[in-house]
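Chemist: Sequence first, predicted coordinates after that:
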Amino acid sequence: MSQSTMLAMILAGGRGSRLKDLTKKVAKPAVSFGGKYRIIDFPLSNCANSGIDIVGVLTQYESVLLNSYAAAGRRWGLDTKDSGVFVLPPREKADADLDVYRGTADAISQNIDFIDTYNPDYLLILSGDHIYKMDYSEMLAFHKEHNADATIAVIPVPIKEASRFGIMNTDEQGRIEEFEEKPPVPKSNLASMGIYIFNWKLLRKMLVADVKNPESHHDFGMDIIPGLLNDGKSLWAYKFEGYWKDVGTIDSLWEANMDLLKDKSGLDLNDNTWKIYTEDVAGLPQYIGPEANVNRAYITQGCVIEGDVTNSVIFTGARVEAGAKVVDSVLMPDVVVEEGAVVTRTLAADGIRIGKGAVVGSADSENITLAAKNVKGEE
């Protein structure tokens, strides 16, 4: 194991209920993104690019697809003799109602024996459902430079949105003095990114004590981090300045996809210096028909475009038939928009068919329309 024996654990067990029907049958980290990727490709690729060899993926809800996908470590170059991606579902318990991770800290507690196998100096804990590119080795260098017990990655957010996040209040040097979980009146705008580095021996002691505490939520934000602060431990905020988005809602997932169309969004999936690895799916080249009209679009391999596409992201295998119009929309893999249909400000889920002449979404709608089921068209 490299990087001063730092091991990564990706929390990928969230229900993702705000993504509605997109997560009815698949876990949130397995949701499609950016033409040909899945959300979990980002933290896994970051680990591979940062030189982290051992990664545990903690799965839970609707995890069948995610389990098989993440277990193929070769996709991220993590399948050698000294590296690997390990899928870690909750342990079975006598009480079926408890066959889940009770919180983010409990997810790590249930896997202490796995972590102890590698005896790391540091444990990196990641959320499995954010879109960003980050060098964790730089965060580790910051952690060691400040002789920290724990380091939490933060990103400035608009103060009006800060109440949606865990907020870190720091001194002028960046040492964390207070942590507030979704405060109604935030004191700062430094939002936790759900990325933590802990000294493993200290965290292990905290987790063992937390398991025995009947009053605990078994959560990093509500229990472990406040406990470290109460004990006077050294916690530091690592300020991240790149692209990062929590894609927990239909609107935010649509926005992150649409950011691929912007020149300076910071989300460049063609950057060979920090590659985002994914499943290598063989497919035909994209086909743009002679009567098609394409204006400012992100079109992936295997797509067939015979209609009009404007300011939209079209995933692998999607098809826009002649006379159809797709505007300000995201079409996930294998979506078919039939002849004469009009799709506007919409996110269309994998494999659905929008029928001939159907109208989905509106340019005037405040929120993005989710099309998660086939839309009937003209007979």
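Modeler: Noted; the coordinates are in hand.

Chemist: what is the mean pLDDT for the lengthiest strand in the chain?
Modeler: When the chain is parsed with DSSP state E, its longest strand is strand 190-199. Regarding strand 190-199, the rounded mean pLDDT is 96.

Chemist: With stretch 142-157 instead?
Modeler: Rounded mean pLDDT across stretch 142-157 is 97.

Chemist: Then stretch 235-242?
Modeler: For stretch 235-242, mean pLDDT rounds to 96.

Chemist: what number of residues lie near Ala191?
Modeler: By the criterion of other C-beta atoms under 10 Å, Ala191 has 23 neighbours. The way it works is simple: take the backbone N, C-alpha and C, and place the C-beta from them, glycine included.

Chemist: In this structure it contacts Ile155, no?
Modeler: Yes. Ala191 lies in contact with Ile155 (C-beta atoms under 8 Å); the separation is 5.7 Å.

Chemist: which strands and helices sit next to the helix or strand hosting Gly56?
Modeler: Per DSSP states H and E: Gly56 is located in strand 54-59. For strand 54-59, the packing partners by 3 or more C-beta pairs under 8 Å, 6 or more residues apart in numbering; DSSP states H and E come out as strand 6-12, helix 41-49, helix 64-71, strand 84-87, helix 112-118.

Chemist: switch the cut-off to 7 Å
Modeler: Contact here means 3 or more C-beta pairs under 7 Å, 6 or more residues apart in numbering; DSSP states H and E; on that basis strand 54-59 packs against strand 6-12, helix 64-71, strand 84-87.

Chemist: so which of these is the most packed in?
Modeler: Across these, averaging neighbours per residue (mean count of other C-beta atoms under 10 Å) puts strand 6-12 on top, at a mean of 25.

Chemist: Need the residues that contact the helix or strand that comes right after that strand.
Modeler: Next helix or strand after strand 6-12 toward the C-terminus (DSSP H and E): strand 32-33. With contacts defined as C-beta atoms under 7 Å, 6 or more residues apart in numbering, strand 32-33 is touched by Arg38, Ile39, Ile131, Asn257, Phe315, Met332, Pro333, Asp350.

Chemist: hang on, the first one packs against Ala30?
Modeler: Yes. Using C-beta atoms under 7 Å, Arg38 makes contact with Ala30 at a distance of 5.4 Å.

Chemist: can you list the helices and strands packed on strand 54-59 in TSV and add mean pLDDT and distance to Gly266?
Modeler: Output for the helices and strands packed on strand 54-59, formatted as TSV (pLDDT from 0 to 100; distance: least, C-beta to C-beta, whole Å):
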stretch	mean pLDDT	distance to Gly266
strand 6-12	96	22
helix 64-71	86	26
strand 84-87	90	26
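
Chemist: Export the ones you listed as CSV, with columns for distance to Gln286.
Modeler: Shown next, in CSV, are those (distance: least, C-beta to C-beta, whole Å):
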stretch, distance to Gln286
strand 6-12, 31
helix 64-71, 24
strand 84-87, 30
